[in-house]
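Engineer: The sequence and its predicted three-dimensional model are supplied below.
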Amino acid sequence: MSASENIPLPAGLTAAARPSLAGWQRGLLVVAGAVVAIAPAFLLESFQLFQLTTAVIMGLAVLGLNMVTGYNGQISLGHGAFYALGAYSTAILMSHLDWSFWATLPVSAAVCGLVGYGIGFPALRLGGLYLALTTFSLAVAVPQILKYKAFEDWTGGVQGLFLVKPDAPAWLPGELTSDQWMYFVAVIVAAACFLLCWNLIRGRIGRALMATRDHPVAAEAMGMDIATLKTRAFAVSAMVTGIAGSLSAVAIEFVAPDSFSLMVSITLFVGMVVGGVASILGSLFGGLFVIFVPNIAEAISKAAPGVIYGIILIAFLFILPDGFAGLLRRIAGRLRRRG
Amino acid sequence: MDGFAHQIIAGIATGGIYASVALALVMIYQATHHVNFAQGEMATLSTFIAWAMVEAGIPYWLAFVATVLVSFIIGVLVERLLMRPVQNAPVLTHVGVFIGLLLIVGNMTGWIFGYTTKVFPSPFTSSGPLMGGLISAHELGSTAVTLVVLTLVFLFFRYTSLGLAMRAAAYNPRSARLVGIRVGWMLALGWGLAAAIGAVAGMMVAPVVFLDPTMMTGILLYAFAGALIGGIDNPLGAVIGGFAVGVLENLAGAYVVGTELKLTVALAIIIGVLVVRPSGLLGRVVASRV
């Protein structure tokens, strides 16, 4: 839970307290990051690339959860609902109204943000465990709501809706397959969201969010408007997870009620804990983890992924409560002291 | 009118099941201030154990008692092994452990016993219709069992020294420790009792909904709703709340929203209670000092 290492220092102090990177080093990091992000599109088989795409999307969804649960301390076990809302917004606009995928993104983001903002209000009155409980029941009820007859004309009921992946635009050089293009779409959208969240967290608002989490009374005494912060954190979080849902709808080319069961919400939660609570980069690790580990575990038995998930989740909570991100941070700290 | 009466009685019968699970939730909440998300999965596992015993030819009631004992031990072990090490950790960690437990127990059940739906026997059979066909033998029997369990729990807490010690440990752990109560073991005992009550509820509901690894998910939600209506720290309130939710759910299912949205009714009740009256009908209003 300790997030003290994440809290950025005031600008003047940074140089003295932390060895900051020179301009060219920073540029090198960005280039290296871009290469690591682009290379898989040309190196991997199409199924592996598809998996990596879903991992990036999951990472984005986990980031959304992290914004409200990790940084703001409002425990949500129901983020699968926003994931479903985003997916369905995009699917309905694309299949009923023939919108292009890019046009649906802002609409889906706005819908999810608004609904998240709305849910943030009852959440204000519910502390810790009660909020977890309420969002848990939301997650359980999602498939039922999606199957409801009154919405069937729009949602397609139990059958769900089919979509088509966007094709690579013609002006791009080379012949990109739709799988490669989908991967780039996911990476670009995710990168933009990660950048936005990172900017939000490292600034004044991020510090206010964490202060509200760690000591609400003190935060309020310092003049922070807790209700506004918390509801807006919920809105941002729902928006990010909803965008991930939109991406998943086109990547999988299909939405149906039963793919948004309680398991989605639990998966997001597991991804957050394993990747690192209150860590931006950790969310990405979380996404990779929840996509690739179950595939390995599935080879053992149908039930094995669940059991292994559970064991890994508890093991992380006991041994590595900071997740992968915390582990990396510790290793980096040790190297720095030595060097 | 006959249909309406039948809906109410059927609601009371299912409400009895919710009441017992709600009671199990309140037991853990009273002892530890936790809400166990894995309660339903643990009860399902217990029911599967009972099923395996009955299939092996053990008489029903012997299997019943054995299952309750085994579940009690499982509950104690869970507290000792999983909850104790994170006792002082933040709420997020507790929620994480509950979710982990839910995943492990739920999937283990599926792994061991398979995902096919199984028929679970009911010990209550009758030769003719009861009360003019308004109620089935199983509904009557399971309501009776629920009431017996409730009475036993009440007597245990009210009139035995162990019950008194458990209440003391929950109410004021530090003073309780000073007078020689082993607070840690009282918590473990609370988990054991809750698991045992959950097992009874599972065995009573299984003949109605059929046995499969996800049998309890919906029931757990209704029980949450019941516990919240009554006040999460009040056993009697949980029972009344459980019955109320049972009736409400049946009436709403029959006359208002149809069966497809039944779970959403539970969600609406939970949010409604938490927003309008977070302490429930019979709960104490807790003010905390800052």
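Structural biologist: Cool, got the structure.

Engineer: Show me the shaky parts of the chain.
Structural biologist: In the absence of a named chain, this looks at chain A. Across chain A, the ranges flagged by pLDDT under 70 are A:1-21, A:301-303, A:339.

Engineer: Sorry, I should have been clearer: chain B.
Structural biologist: In chain B (pLDDT under 70), the answer is B:1, B:126-134, B:258-260, B:282-290.

Engineer: Show me the helices in it, by range?
Structural biologist: B:2-32, B:39-55, B:60-78, B:91-113, B:137-159, B:161-171, B:173-178, B:183-209, B:217-230, B:235-251, B:262-276 (DSSP state H).

Engineer: Please identify the most buried of those.
Structural biologist: Most buried of the helices of chain B by mean neighbour count (mean count of other CB atoms under 10 Å in any protein chain shown) is helix B:217-230; its value is a mean of 28. (Each C-beta comes from the backbone N, C-alpha and C, glycine too.)

Engineer: which other helices and strands contact that helix?
Structural biologist: helix A:128-147, helix B:2-32, helix B:39-55, helix B:183-209, helix B:235-251, helix B:262-276 (3 or more CB pairs under 8 Å, 6 or more residues apart in numbering or on different chains; DSSP states H and E).

Engineer: quick revisit: would you turn the helices of chain B into CSV with distance to residue A:144?
Structural biologist: As requested, the helices of chain B are exported to CSV (distance: least, CB to CB, whole Å):
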stretch, distance to residue A:144
helix B:2-32, 18
helix B:39-55, 17
helix B:60-78, 29
helix B:91-113, 19
helix B:137-159, 25
helix B:161-171, 36
helix B:173-178, 41
helix B:183-209, 16
helix B:217-230, 9
helix B:235-251, 13
helix B:262-276, 5
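
Engineer: Which of those sits closest to residue A:305?
Structural biologist: helix B:91-113 (7.8 Å; CB to CB).

Engineer: got the angle for that closest one vs helix B:217-230?
Structural biologist: 140 degrees (axes from the mean of the first three to the mean of the last three CA atoms, to 10 degrees).

Engineer: quick one: contacts for residue 235?
Structural biologist: This is for chain A. Residue A:235 makes contacts with A:113-114, A:116-117, A:120, as judged by CB atoms under 8 Å, 6 or more residues apart in numbering or on different chains.

Engineer: ah, I was thinking of chain B
Structural biologist: By CB under 8 Å, 6+ apart, the neighbours of residue B:235 are B:23, B:26-27, B:30, B:150, B:153-154, B:157.

Engineer: Can I get the residues you listed in a markdown table including distance to chain A?
Structural biologist: Converted to a markdown table, the contacts of residue B:235 look like this (distance: CB to the nearest CB, whole Å):
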| residue | distance to chain A |
| --- | --- |
| B:23 | 17 |
| B:26 | 13 |
| B:27 | 16 |
| B:30 | 14 |
| B:150 | 23 |
| B:153 | 22 |
| B:154 | 25 |
| B:157 | 23 |
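
Engineer: one step back: can I get the helices and strands packed on helix B:217-230 in a markdown table with distance to residue A:282?
Structural biologist: What follows is the helices and strands packed on helix B:217-230, written out as a markdown table (distance: least, CB to CB, whole Å):
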| stretch | distance to residue A:282 |
| --- | --- |
| helix A:128-147 | 20 |
| helix B:2-32 | 29 |
| helix B:39-55 | 28 |
| helix B:183-209 | 32 |
| helix B:235-251 | 39 |
| helix B:262-276 | 30 |
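
Engineer: Tell me which of those approaches residue B:91 most closely.
Structural biologist: The minimum distance between residue B:91 and the helices and strands packed on helix B:217-230 falls on helix A:128-147, with 4.1 Å, by CB to CB.

Engineer: Tell me who's in contact with residue A:241.
Structural biologist: A:60-61, A:64-65, A:79, A:82-83, A:86, A:112, A:268.

Engineer: distance of it from residue A:64?
Structural biologist: 3 Å (CB to CB, to the nearest Å).

Engineer: who touches both of the two?
Structural biologist: Listed contacts common to residue A:241 and residue A:64 are A:79, A:82; contacts here mean CB under 8 Å, 6+ apart.

Engineer: related to what we said a few turns ago, residue A:276 is nearest to which of the helices and strands packed on helix B:217-230?
Structural biologist: helix A:128-147 (19.3 Å).

Engineer: elements contacting the closest one?
Structural biologist: helix A:79-97, helix A:101-124, helix A:262-275, helix B:91-113, helix B:217-230, helix B:262-276.
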